[in-house]
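sequence and predicted model, in that order:
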Amino acid sequence: MDILVILFLVTGLLFFLGGAIGIIRMPDFYSRLHPAGKLDTLGILAMVLGLAIYNLHHFSFESLLLSIKMFLIVFFVFLSSPTATHSIVDAGMRAGLRHWTKKKRKG
Amino acid sequence: METIISIKPLLAVLVSLLVIPVLVSSSDKPNVRESWTFIAGIIKFLIVLSMLPAVLQGKQIVLTLFKIAPGADIAFRVDALGMLFALVASSLYIITSMYSIGYMRGLKEHGQTRFACFFALAISATIGAAFSANLLTLYLFYEVLSLATYPLVAHHQDAKSKRAGRRYLIFILGTSIGLVLPAMLYCYHATGTLEFASGGIFTGQLSKPAATVLLLMFVFGFAKSGLMPFHSWLPAAMVAPTPVSALLHAVAVVKVGVFSIIRVITGIFGVHFLLSFNLGALVAGIASVTIIISSCIALTQDEFKRRLAYSTIGQLSYIVLGVALLTPKGMTGGMLHIAMHAFGKITLFFCAGAIFVATGKKYISQMVGIGKRMPVTMMAFLIGSMSIIGLPPTGGFISKWYLVLGTLEGDQMILLFVLLSSSLLNAAYFMPVFYKAFFCTEEESMFEDKIEEAPMMCVIPLVITALISFALFFVPQPFLNLAQLAVKGILGG
Amino acid sequence: MTDLLPLIVAKYNYWLYVILMMIGLYAMIAKNNLIKKVVGMNIFQTAIILFYLSIGYKKDATLPIVEVGHEGQEAVVRALDYINPLPHVLMLTAIVVSVATFGVAMALAVRIYQRYQTLEEDELRMRLSEE
Amino acid sequence: MKFLGFIVVCLTGALLLYGTGQFPAWGDPGSPASTHLSNYYIEKTVEQTQVPNIVTAVLADYRGFDTMFETSVIFCAGLTCFLLLRDFTEKKERFYRHRPTGVILHVKDSEKVLKVGKEFEHIDKDFVPSDLIIKTVCRILIPFIQIYALYVVAHGDFSPGGGFQGGVIFGSSLILLAISYDLKTLVERIKEKVLGIFAAVGVLIYVGIATICMPMGGNFLNYGMLAPLLPGDPRHVRALGMLGVEIGVGLAVMAVMAIIYINIVSEGRHDEGL
Amino acid sequence: MDNYPVLIVVTPLLAALFAGLAAWIEERLSYPIALIGLAISTFSAFKVLMRVIASGTIQYRMAGWAPPIGIEYRIDLLNAMVLMLVSSVAFLNLIASYKSVEQETNDRAASFYTVYLLFVVGLLGVTATGDLFNLYVLIEITSLTSYAMVALGDRDRAPLASLNYIFIGVIGASFYLLGVGYLYMQTGSLNMADVSRILQSHQGSSIVLTAFILCMIGLWIKMAFFPLHVWLPNAYSYSPVAFSRVVAPLMTKVMIYIMIRLMITVFGYDYIFKTLHLSSAVVWLATIAILAGAIMALAQKNLKKMLTYIIICEIGYMVGGAWMGNQLGMTGAILHILNDALMTFAMFLAVGNIVYKIKDVDLSNLTGLFGKMPWTMAGLVLAAFSIIGVPPTCGFFSKWYLILAAFEKGAYQFAAALIISSLICAVLFFRVFEICFFNTDSKDHEHGNGHPQIKIEEAPVSMLIISGLVSLSLIVVGLFSGTIVNTIILPFLK
Amino acid sequence: MKVASDSLVKNNGKPAAKFLKSFFSFLITFVLMAFTWIVLSGKFEPLLLWLGGISCFLVSYYFHDLLFPDLKPEYFMIFLRFIKYCPWLILEIIKANFHLLYLAFHPRMKDLIDPHIITFKTNLKSDIAIATLANSITLTPGTITVTADSDGVFRVHSIDRESAEALPGIMLEKVAKVFGEDI
Amino acid sequence: MTSFFLSVALGLCFLMLFSMYRALFGPTVLDRLIGVNAIGSKTVILLLLIGFLYDRMDMFVDIALAYAFLNFIAVLAASRYFHKRKGLYEESFMD
Amino acid sequence: MHWPIDLIVLTFVIFCAIAAISVKDLLGTAILFGAYSFMMCLLWAIMGAVDVAFTEASVGAGVSTVFFVAAVFRTSRRTKD
């Protein structure tokens, strides 16, 4: 059981790491949004999963409810995170931010 | 000493205060207003008079109103000196208010109600100062008086009176807040009391330099007395209507200043204390310098009221001088001079006012031959000026006589010389007026040869005061007794 | 070095609160923009909250919410086991106050901008002296 | 100014650092702050008030008087924003949008007033149509946020949170509504007047509960005296009192947050916001 | 029957809330509600004052918890006096401000009353409370309401003044809060009496010293003590009249009350004057404050602004008195809280009447006011005399104690500053009087003849009556200051 | 410029039907809220349940039109189909995420990516379907929805060609199936 | 297990540093917004982890939940700013 | 036990504070201020003050950032410092 938890947590951490690296490395605002918006979402999913499983160690009705509650977070994050990402990218578009393209760089 | 607790002093103060609302409410009915002023004046005089017998018997009338701090209450105490002053003030208030009716109506002045109100307020404060039992109360009424007379000084509301009012305030308030207040508080701090005591309140808490500084602060602080460096408000304040000048210079304001100095010298420092440091001579010196200089300045003034003002400065210093001699006779003379000078000088101011009402003339050089036109006025003027100079059939002689005796008693030959020479100077600046008024040729006379006096309400008061000045030579008893009683109380004899 | 670590652990919270407070105060005094000043104000207030909560912290203690026993029986509550709740209470109030102040300050900033079209203090001063 | 600021800051910092010199170590259980009063609270709260969350108990009962004024502060802040910014004047220039087609009409004549209703709506020049995705997602989220907010208010006794936090979250949900749709939607849904009344009523509930204790024979705020009025176990009466108080706080805070937001974002005109 | 102490504070609060409700439902109701609330509060304050004089300190336990655990109201003579002062001033001002609020806050009158009442609640609570943190919360209520009120004033400048006020106010309150935090760290308690008891054994601690300095600086900022005064003139002079009439007399005075309370009740005389020896330094500071306030007042051309600088000057009096370290000084400071509140109130009432008629109170606009508004000017004159320190008015008597205290301590510079500031005040006010008295704009008054009959245009009667009443009370309080000192202040200090 | 229609405008209908519709939407919201409450609360004391009931009632009374502006019977089916859709989506997300991870850690990342914007049109009608599709697109890595309007026009920013080519493709089909609309 | 959670938490803190870099030095405001959004999502997890460290999970879930909501609102508000302000001159009906 | 996290988060807080007051764009300030609040909230959760953390989360992250953005929306983003 613990191994599962550790696995999930490490996976989550990995996703987060990917997100963080992506945020740093990506060349422009739009491409930065990709890791930020998505890897983090998945990272949350993985980590909450791990924690929820850990929470069920002492199994009881209350802890089950608690785990469901934790999944509520995931539910909301899955709803809100893409929306937020979309909102940010829309903002960038409206603000008139140019996106980075390969061609331009070559040319 | 026997003391009587009575509400009379408070009543005496309050009468003219309480009449103010009545005056305001009847502001559009001049006659009613004036009669109220009169009634108040008479009641006030009667109340003061009713206390006279008790005081003459050597009793004191005491009333404590509010306790502020131990040793410094707001309290009244009627003793001989206060009685003397109150008597002068309240009696002259009646006359002045009569005169002011004539004067104000004669000139159709504006703001007569305001004038009457502040007049009443000022006289209340004067009586309050006269009856105060301690320095705090005295200071209180002193300040009230300063503020109440400001609108009177600036009555005309033009640039000149604005300047005069400003100067008046700067001198009076500046000195009282800047000098008297700290001095008073220092006294309280040092002794824990401010009650006037016959032997003073200091019992060795002060060194000589401290005492000197404190005394000077008091003497100059009560700038209403017009001692020399702080005198210049007085001539400036002459822009006020003449009844005000009369009140200021003869009865209330300046006398309160002098009175306060007397109180401080006798009640706070104490004669013996001052004698032990030989501080009397200091004050006397200041006073005599003031006398000489002011008399000399008076000689050069052409505006009638200004000349009178400088004369007043000199005469006030007589009083200070007399008290500062610290001898029984000298003090008696000084106190007596409060009364004598009051009656004399008020006559002179009334005359000046009457002339102004009748002819509109303010300068002496314009008054050549006026004696023919206004003989009664000018005769009164003669009596008044004689009283000021100190010539025999007038009251002024008596006070000067005592002053001279006092200098002799104190062995102060220089002061004697000062007194005598200033009398000569007095004569020198008054007599030419009289001379020009009567002894002039037809060509020189500036007036038509027709008797045309000022309104009756103007003339009657000045005749009365002139007569009183005259009468006081023969019957100085009420004032003389009071003064002697006061001196006895002070010197503990 | 061995002595230093405990000392740092023991006090760094307080030191950092002082630094935070200095930042806030500096922003409030020296910044030119009014909204920056408001931010400084908020930082200042949070620094105080940090200070209070640092006072209340207890090592090896748990949250100031009593664990009611599972079967309903009430366990004995030991004071050492719980973090001091009083600073939390005080700081709740302080946060509320700071939010209120923040809202009002923002409203005022909007009003000022409506009137003067700027939020820079020197420009405002210039505008004021012009009028 | 910068230099002055620097000096002041350095002086203050020096003073405070000097003060830290004698501080007990961070987290020291034996420091005076953690021993004098707090022990009483920790040990006695459950026994005296039946509320496991000590912070709530201290907040709403032991130091309930503070909290009452704290709520008044919030109320006052809302009122202040209203007073400062609310602008009732009608603008001369107006914009209308035809709802079905999205055509925008610019009316410069102040006399001409189009009927605002199903067909036309009144907008201002900043108008940007709300985004479909955001709108849809927020539509779904808002009721959940609100139920969560109410949950926080109701469970102030057992878990972190309470009236204030719940109120703020509820207020944020309203703000979210305003952001995802537009301000007018919010204002139409919850009238300004209702918000104002809520704010006052919220504080009034608090003060009212506190005041009722006085005629019931106790001191101000002494919920213990409310036992005759409330159903249930008299041991729980203090907890119930706190719950009532929290609800009041939540109501007031919710309303005030919305008021502040609405007024700031529309400069008091209540037409168009973020 | 025993709930009077809390009623003082709670009735205005309830009234504020009902007035706020009424603002939405029926606007006209809010004024009577506010009036009733403050009337009950004043009545309770009076009751409490009488009871405290009769039977000593009253303790009131909020929620029934014993002091260090719960919050308590501890009302002793000083509190009771200040409570009475605050509630009655607020009540009277409310009566007087009906018209001017209507005039100044177009259609927001009801909300104005709500904020006003909350402000009063804050002041009353600050005065009554015996708990350090409760004090902070209430200070914040007063501050927040005053920010609001200030911002409601002059449309152009008030918001900026208010924002600056917020910044400085927050710094002040936060410093105080920090000080309380330091105290809490040292003692673990927040109740004043309890803290004071525990502090007895921590006299030398650097934490306590820091706490003390922080509290004092915080309060000094709040009360606008001299170098920290920059916010006050703008804030007070641009605020609406109905508010400046209550904030100017009360706010700073209540802050000084808190300072005195902290000095006496929490830190203790011995700590401040025997352990720290801070007295002379602060007295010097106060001296500078007085002089600076007076001199800055001289430079002002606007009546309201001039008065605000005079307030700064007066704060110097009180701080100096309180820090004199002797009984006389404390007596003077406490007496001056009362007197200064009253005289500033009277002054601002009169100014309010003037503003009601003449919108702009630049000195140059005041010509001929004595003729136009004689009663108002009478009130103004009395108040001015009191500020100058002319004897029968109350301002003199507190100055009396302050100067005596300075003599006793040997702080002659303070006495000198007091006297100089009195003189400057005299100059200031007589300058005003001159302008009001001399009707320079009418040319036809050659030699006093033929003055044009000036039409009397007075403020509404409600304002006039209150103004007159308060002005007269200056004299009454002055004359009874001995009684006040003997029945309230001296027993308190012993 | 196209403007999204405001879904808060109540559609016309007979009063009774309208009431019924709103009642049902209220009911369903209430049930949903009650479920959420129980999950959140986890306590079954009567007081808390009462409070929960009141809270759910309030929220669903005042805000039921937010969650279900126009309730249709087929919503239940949609819900079931949506649940079926979820695992696929999650799988897709995970799969694609590794792709993004690979990108992020790749040393020559900038050669691999080629950001550009593509536009495509769908025939989706309902708001919720469009939003679901948009969010799904955003969640599956490599693509972010920039705009999506009520006509079903999507602008999508994709990070490389590969992700772009997958669009709209299978996801659109699935979503359309879930919401019972034509592609 | 506790020490593992602690190290995961520290790891998250470390990762936060990257997001923080964007937030602090992001060339545009929107980059900062991305950074803050990323910080927010990490904080949610961090809060849960702290809950486990304290062994009081039930308390911290509430906070994390609230956090998730409110972070969303804040980001939405900030990005909504650009919907209105910058687009005003390019896309709006006003010229 | 928690002190390493505490220390790191505190450092972040200070970074955020400095950045928030030195950014030359008020919207950036608003966003960083939000981040600052997140950090603070985290810090308080670490210190065990859950109630305060909750309040800060709801206030700092939610409401106050929104107010800030709203105010910036109604004023200007421009600042000189």
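Good, I have the coordinates.

residue contacts, E:Ala110?
Contacts for E:Ala110 (Cβ atoms under 8 Å, 6 or more residues apart in numbering or on different chains) come out as E:Ala19, E:Gly20, E:Ala22, E:Ala23, E:Glu27, E:Ser30, E:Tyr31. Just so you know, the C-beta spots here come from the backbone N, C-alpha and C atoms, and that holds for glycine as well.

and the residue nearest to it when sequence neighbours are not counted, how far from chain C?
Nearest residue to E:Ala110 in three dimensions, chain neighbours excluded: E:Ala23, at 3.4 Å (Cβ to Cβ, 6 or more residues apart in numbering or on different chains). Distance of E:Ala23 to chain C, computed by Cβ to the nearest Cβ, to the nearest Å: 18 Å.

kindly report the same for B:Val22.
From B:Val22 to chain C the distance is 51 Å (Cβ to the nearest Cβ).

quick one: which helix or strand includes that residue?
According to DSSP states H and E, B:Val22 maps onto helix B:8-25.

one step back: export the contacts of E:Ala110 to TSV and append columns for secondary structure.
Below are those laid out as TSV (DSSP: H, G, I helix; E, B strand; the rest coil):
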residue	secondary structure
E:Ala19	helix
E:Gly20	helix
E:Ala22	helix
E:Ala23	helix
E:Glu27	helix
E:Ser30	helix
E:Tyr31	helix
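
now the buried members of those residues.
Neighbour-count burial (16 or more other Cβ atoms under 10 Å in any protein chain shown) applied to the contacts of E:Ala110 gives E:Ala19, E:Gly20, E:Ala22, E:Ala23, E:Glu27, E:Ser30, E:Tyr31.

which residues touch D:Arg238?
D:Arg238 sits next to D:Gln48, D:Thr49, D:Gln50, D:Val51, D:Asp61, D:Tyr223, D:Gly224 when contact means Cβ under 8 Å, 6+ apart.

so, low pLDDT: which residues of the stretch 351-494 of chain E?
Where the stretch 351-494 of chain E drops to pLDDT under 70, the residues are E:439-455.

all strands of it, in order?
Under the criterion DSSP state E, counting those that start in this stretch, the stretch 351-494 of chain E contains no strands.

residue of it nearest chain F, please.
Going by Cβ to the nearest Cβ, chain F is nearest to E:Ser462 of the stretch 351-494 of chain E, at 45.6 Å.

pretty sure E:Cys16 is touching E:Phe119, no?
Just so we're on the same page, residue E:16 is Ala rather than Cys. No. Counting by Cβ atoms under 8 Å, E:Phe119 is not a contact partner of E:Ala16; they are 9.1 Å apart.

tell me which of the two has more neighbours.
Shown here are E:Ala16 and E:Phe119; by other Cβ atoms under 10 Å in any protein chain shown, E:Ala16 has more neighbours (32 against 27).

without its sequence neighbours, what residue ends up closest to E:Tyr176?
E:Gly218 (3.3 Å).

correct me if wrong: that neighbour contacts E:Val170.
No. The pair E:Gly218 / E:Val170 is not scored as a contact, 10.4 Å apart, by Cβ under 8 Å.

those two - which one has more neighbours?
Neighbours were counted for E:Gly218 and for E:Val170 using other Cβ under 10 Å; E:Val170 has more, 29 against 26.

quick check: phi and psi on the closest residue to that one other than its chain neighbours?
Take E:Val170 and drop its neighbours on the chain: the residue closest to it by Cβ to Cβ, 6+ apart is C:Met41, 5.2 Å away. When read as degrees, to the nearest 10, the backbone of C:Met41 gives phi -60, psi -40.

residue nearest the centroid of chain F?
F:Thr132 (3.2 Å; Cα atoms, centre = their mean).

element containing that one?
Secondary structure assigned from DSSP H and E places F:Thr132 in helix F:127-139.

gap between the residue nearest to E:Ala110 and E:Val120?
17 Å (Cβ to Cβ, to the nearest Å).

keeping just the C-alphas, turn stretch G:59-69 into CSV.
Provided in CSV are the C-alpha atoms of stretch G:59-69 (Å, rounded to 0.1, in the frame of the first residue of the first chain):
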residue,chain,number,x,y,z
MET,G,59,-8.8,20.3,8.8
PHE,G,60,-6.5,20.9,5.9
VAL,G,61,-8.7,19.6,3.2
ASP,G,62,-11.1,22.4,3.7
ILE,G,63,-8.3,24.9,3.3
ALA,G,64,-7.0,23.2,0.2
LEU,G,65,-10.4,23.2,-1.3
ALA,G,66,-11.0,26.8,-0.5
TYR,G,67,-7.6,27.5,-2.0
ALA,G,68,-8.4,25.8,-5.2
PHE,G,69,-11.6,27.8,-5.6
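
list of residues touching it?
For stretch G:59-69, the external contacting residues (Cβ under 8 Å, 6+ apart) are A:66, A:69-70, A:72-73, A:76-77, A:80, C:63, C:65, D:141, D:145, D:148, D:152, D:159-161, D:165, D:169, D:172, G:40, G:43-45, G:47-48, G:50-51, G:54, H:38, H:41, H:45, H:50, H:53-54, H:57-58, H:61-62.

if we use 7 Å, what do you get?
Stretch G:59-69 is contacted by residues A:66, A:69-70, A:72-73, A:76-77, A:80, C:63, C:65, D:145, D:148, D:152, D:159-161, D:169, G:43-44, G:47-48, G:50-51, H:45, H:50, H:53-54, H:57-58, H:61 when judged by Cβ atoms under 7 Å, 6 or more residues apart in numbering or on different chains.

cool, stretch B:13-28 as well?
Contacts for stretch B:13-28 (Cβ under 7 Å, 6+ apart): B:32-33, B:36-37, B:40, B:43-44, B:47, B:113, B:116-117, B:120-121, B:123-124, B:127-128, B:131.
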